[in-house]
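Engineer: Here is my input; please provide its structure:
(one chain, ligands or ions: 3)
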Amino acid sequence: MTDRLTLIRPDDWHIHLRDGAALQHTVADAARHFARAIIMPNLVPPVRDGQQADAYKARILGARPQGNAFEPLMVLYLTDQTTPEIIRQAWQQRQAIAAKLYPAGATTNSDSGVTALEKIYPALEVMAELGMPLLVHGEVTHAEVDIFDREKAFIDQQLVALTERFPTLKVVFEHITTADAVDFVRSASGRVGATITAHHLLYNRNHMLVGGIRPHFFCLPILKRQRHQQALGDAVLSGSNKFFLGTDSAPHARHAKEAACGCAGCYSAHAAIELYADAFEELGALDRLEGFASLHGPDFYGLPRNTDRITLVREPWTVPATLQLGEQELVPLRAGETIHWRVV
Ligand SMILES: NC(=O)N[C@@H](CC(=O)O)C(=O)O
Ligand SMILES: [Zn+2]
Ligand SMILES: [Zn+2]
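Structural biologist: Ligands and ions are numbered 1, 2, ... in the order given. From the prediction side, this is the model:
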C-alpha cells in the first residue's frame, strides 16, 4: 500500500472564488496547494470584459496570502451581447485565457447567460481563430427536460452541433457527470477536454437522497446514478489526457443551502487535492493522479507544466464541521468526516 505520493504541483481548472469578504477564505484555500486556477466569472454582475477581469484579478491577488505565488487565470462570461472585439481585446491584452458559456438559467448566477448559441457565433468564430478555449456548463434549461437528463440533452441538442460547426475551437466540457459525457469527450477531437470534480468521483445521487435529503451534496450538474459515477472513474482510470482536475468548488453560506430552496454548489477547496487522492485511491488509480491533476490541464491549455512538487501522506484527519466564508459560515464537503490523505 502506498503511503506517500509526490506529484508535480497541481492546478485547479474550474473554481468559484466569489468576491468581497469571501475572498480571504476562498483564495487562501485555492492557493494552499494549487499553483494556478481558472476563476469562474459568474459574479453578480458577471465578468463580461477584459477590464472587469483585470479588476477581479486584482481583488483576488489582494486576498492572496503573503509569499504565495498562486496565479488566477481569468475567464470572460459570455452573454448575448459579447462581441468579437471584446473577445479579441481581452485575449490580446492577456486579461482572459478563456470564455465561459452558461446557458441562461442553467445554474447559480447564470441569469445573464446565453439565450441561444447562435447569438455567440461571432464570438466563437474569433475564439477559434485565436485558440481561446470555450468553457461550457453543459446543461439544457428547458422546463420539460428532466434535471437528471439535462447534460445528455445538452450533448445531443447543442454540443455535437457546436463542435461540428467550430471544429478548430478548443472546448472544455466542465464538471462532467455522465457516461454520455465521457463517451462524447472520448470520441471527440483532441480539441475537446473535460474537467471532473472530486465530488462527482466520490458520490452519486444516493449519497444526496437516501436516508434524508443532504443539501450540501446538491450541486449542478446534479449528482447522477452510480453507473455514471463509475463511468467518470473509468475515465480517470484510463489515464486519457482529455480529462483533468476542476474542483468546481462553489461556496454558499450555510443558511443559503440549508433552506427550503437551497443553492447549488459544493465547497471542496479546503481539501481539494486530498479529496481527489481519496477518490483515486478508491478507484485503484493513485498512479493516474499526477497526470489528471498536474499535466493534462496545462497541456490542454498550452501552458507550461509546474516544476515544483507537493507530497501527500496517508494520515487520516477530520474535516471541521464548518468553515468561515467572509462574515458567514459554510459547511465544506466531508464536514465532520475523515479524509485519508494530507499534504505535508
Ligand atoms: N456547480 C454549482 O452547483 N454551482 C456553481 C455554478 C456552476 O458551476 O454551475 C456556483 O457558482 O455556485
Ligand atoms: Zn457549472
Ligand atoms: Zn462551476
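Engineer: Next to ligand 1, which bits of the chain? Give me the list.
Structural biologist: His16, Asn42, Thr107, Thr108, Asn109, His137, Cys219, Leu220, Asp248, Ala250, Ala264, Gly265 (C-beta under 6 Å from any ligand atom). Yep, even glycine has a C-beta here, placed from its N, CA and C like the rest.
Engineer: Tell me the spatial nearest neighbour of the fifth one, not counting adjacent residues.
Structural biologist: Closest residue to Asn109 in three dimensions, ignoring its sequence neighbours and counting by C-beta to C-beta, 6 or more residues apart in numbering: Asn42, at 4.0 Å.
Engineer: Ala104 is in contact with that neighbour, correct?
Structural biologist: No - between Asn42 and Ala104 there is no contact under C-beta atoms under 8 Å: 11.9 Å.
Engineer: For ChimeraX, what selects the buried ones among the residues of the chain next to ligand 1?
Structural biologist: The ChimeraX command for the buried members of those (criterion: 16 or more other C-beta atoms under 10 Å) is given here:
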select :16,42,107,108,109,137,219,220,248,250,264,265
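Engineer: Quick check: neighbours shared by Asn42 and Ala104?
Structural biologist: Ser110 (C-beta atoms under 8 Å, 6 or more residues apart in numbering).
Engineer: Nearest spatial neighbour of Glu258, chain-adjacent residues omitted?
Structural biologist: Glu258 sits nearest to Pro215 (C-beta to C-beta, 6+ apart), 5.6 Å away.
Engineer: which residues does that neighbour contact?
Structural biologist: So Pro215 contacts Lys257, Glu258, Ala259, Gly262 (C-beta under 8 Å, 6+ apart).
Engineer: How about Tyr203?
Structural biologist: Phe217, Leu223, Gln229.
Engineer: where's Arg94 relative to ligand 2, distance?
Structural biologist: Counting by C-beta to the ion, to the nearest Å, the gap from Arg94 to ligand 2 is 25 Å.
Engineer: Is ligand 2 within reach of stretch 240-250?
Structural biologist: No - for stretch 240-250, no contact with ligand 2 is found by C-beta under 5 Å from the ion; the gap never falls below 6.5 Å.
Engineer: Check which residues of that stretch are buried.
Structural biologist: So, applying 16+ other C-beta under 10 Å, buried residues of stretch 240-250: Ser240, Lys242, Phe243, Phe244, Leu245, Gly246, Thr247, Asp248, Ser249, Ala250.
Engineer: What of stretch 172-189?
Structural biologist: 172-182, 184-185, 188.
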